[in-house]
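>>> only the shape, not the letters, is given here:
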Ligand code: ADP
Ligand code: ASP
Ligand code: MG
């Protein structure tokens, strides 16, 4: 008998009908002769709504209380799904992250899973239950509930699949798998059959929210294949697996796999006199305040001035301003923020071996009349910061230019 972990995201449990559909799906999986563990996210936009509600009460609430609040969303889903499965005549039991033995580091809001002690889950499976676990939450050493970062239910599913030595880990969402670009934006985006862990990590880190990056990191570390599928169709999805395995299957892979983008970027530019230590000061202060810095560039020694630019997620703008205002007065620097930038990326293992890809990216953007404000690269990714109003055009032109559209 195989053990399958099935994860359903917020859009899959957004209302009573969808919850019933998910219940039917997990029962069918059990009836196929599997043991089934289900991980669920909070219904629909519940997590965003809870954040908005807390913002109305306190802008900087105690992190412990914020996690206590956010963890409630997933508890709505587990209990309702367990009820739906029961009504359909199958045994099901819901468990919070702590009840499922998911133990994490102390830091609230983005706790790291340290260990999973899944005895409770195994016992309930042995009693013939479908076990339904709340995603996104864990227990920290203080005995408090913590959350694992946005999109963290994917991580719960992957980590549980590793801990339970599951035969299969399936992540269900409202799209049929991983596409060459967000299928809601690029209408002729193509579903990818197989994608390597490294490409998926770059896709997820650059805005393809269909899988959370940290879940892909853990899957890669333990060699667990992830199957990304749709809750609402039976079609084949995407397998996220090792590059070697993909190479063995295909004689030649695509140069470029996908064009992810992120509209939620902001760019800070700090101009100051050339002063030793200012760069270290800026980034250590940002790190202390929990501001995640993405692309950085520095232009030094022009008229004895230094210009440091960097991008952050728009959610972090307020926190970054708090730090930079202090630095501006200490170093007599001027600070500007452009909240209307976006990032478009080109991801593909072919970038490693084909220098022309980089040149082609810039050529396509230039021919489309799109200015590039900043650039960053990795072995298999090229990212450009562009004006927010140009980003969708950039995605479409790059998608077409690299021949990714459906034939
Ligand atoms: P869930 O609520 O199930 O966790 P998410 O909303 O986190 O699902 O992720 C699914 C969404 O990811 C899709 O609705 C789609 O718009 C978006 N998405 C962005 N880029 C991609 C991509 N390259 N392939 C598939 N989906 C993508
Ligand atoms: N509900 C959480 C979020 O919206 C976790 C998840 O959906 O994976 O980020
Ligand atoms: Mg998600």
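Looks like it came in fine. Because the structure is predicted, anything quoted here is derived from the model rather than measured. Ligands and ions are numbered 1, 2, ... in the order given.

>>> what about the helices in the chain?
16-31, 46-57, 63-87, 119-126, 153-163, 197-205, 213-222, 243-249, 278-288, 317-331, 350-353, 356-367, 391-401 (DSSP state H).

>>> which stretch in those is the model least sure about?
Lowest mean pLDDT of the helices of the chain: helix 243-249, a mean of 86.

>>> and it, what's buried?
Buried positions in helix 243-249, judged by neighbour count with 16 or more other CB atoms under 10 Å: 243, 246. C-beta here means a position set from N, CA and C on the backbone, and glycine is covered the same way.

>>> contact residues of the chain facing ligand 2?
Within the chain, the positions near ligand 2 by CB under 6 Å from any ligand atom are 9-10, 41-42, 47, 73, 135-136, 150-154.

>>> repeat the analysis, applying 8 Å as the threshold.
Contacts of the chain with ligand 2, taken as CB under 8 Å from any ligand atom, map to 9-10, 41-42, 46-48, 70, 73-74, 135-136, 147-156, 212.

>>> near ligand 1, which of these show up?
Near ligand 1, by the rule CB under 8 Å from any ligand atom, you find 9-10, 41, 151, 153-154, 212 out of these.

>>> residue 87 - nearest residue in space that isn't next to it in sequence?
Spatial nearest neighbour of residue 87, chain neighbours left out: residue 23 (7.8 Å); criterion: CB to CB, 6 or more residues apart in numbering.

>>> before we move on, what about residue 241?
Leaving aside its sequence neighbours, residue 241 sits nearest to residue 225 (CB to CB, 6+ apart; 4.8 Å).

>>> report how many residues lie close to the one you found.
17 (other CB atoms under 10 Å).

>>> distance check, it against ligand 3.
Distance, residue 225 to ligand 3, using CB to the ion, to the nearest Å: 18 Å.

>>> what's the answer for residue 39, then?
According to CB to the ion, residue 39 stands 11 Å off from ligand 3.

>>> that residue contacts residue 7, doesn't it?
Yes - here residue 39 reaches residue 7: they are 4.2 Å apart, a contact under CB atoms under 8 Å.

>>> out of those two, which sits in the busier spot?
Set residue 39 next to residue 7 and count neighbours by other CB under 10 Å: residue 39 wins out with 31 against 28.

>>> if I look at residue 112, how far off is residue 148?
Using CB to CB, to the nearest Å, one obtains 8 Å as the distance from residue 112 to residue 148.

>>> any shared contact partners between the two?
residue 104 (CB atoms under 8 Å, 6 or more residues apart in numbering).

>>> so the two - more neighbours on which side?
Higher neighbour count among residue 112 and residue 148: residue 148, with 28 against 15, using other CB under 10 Å.

>>> what residues are up against that one?
Going by CB under 8 Å, 6+ apart, residue 148 touches 104, 110-113, 136-138, 155-156, 214.

>>> could those residues be laid out in a markdown table, adding distance to residue 204?
Shown next, in a markdown table, are those (distance: CB to CB, whole Å):
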| residue | distance to residue 204 |
| --- | --- |
| 104 | 20 |
| 110 | 16 |
| 111 | 19 |
| 112 | 17 |
| 113 | 17 |
| 136 | 16 |
| 137 | 20 |
| 138 | 20 |
| 155 | 11 |
| 156 | 16 |
| 214 | 9 |
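
>>> narrow the residues you listed to those in strands?
If you go by DSSP state E, the contacts of residue 148 have 104, 113, 137-138 in strands.
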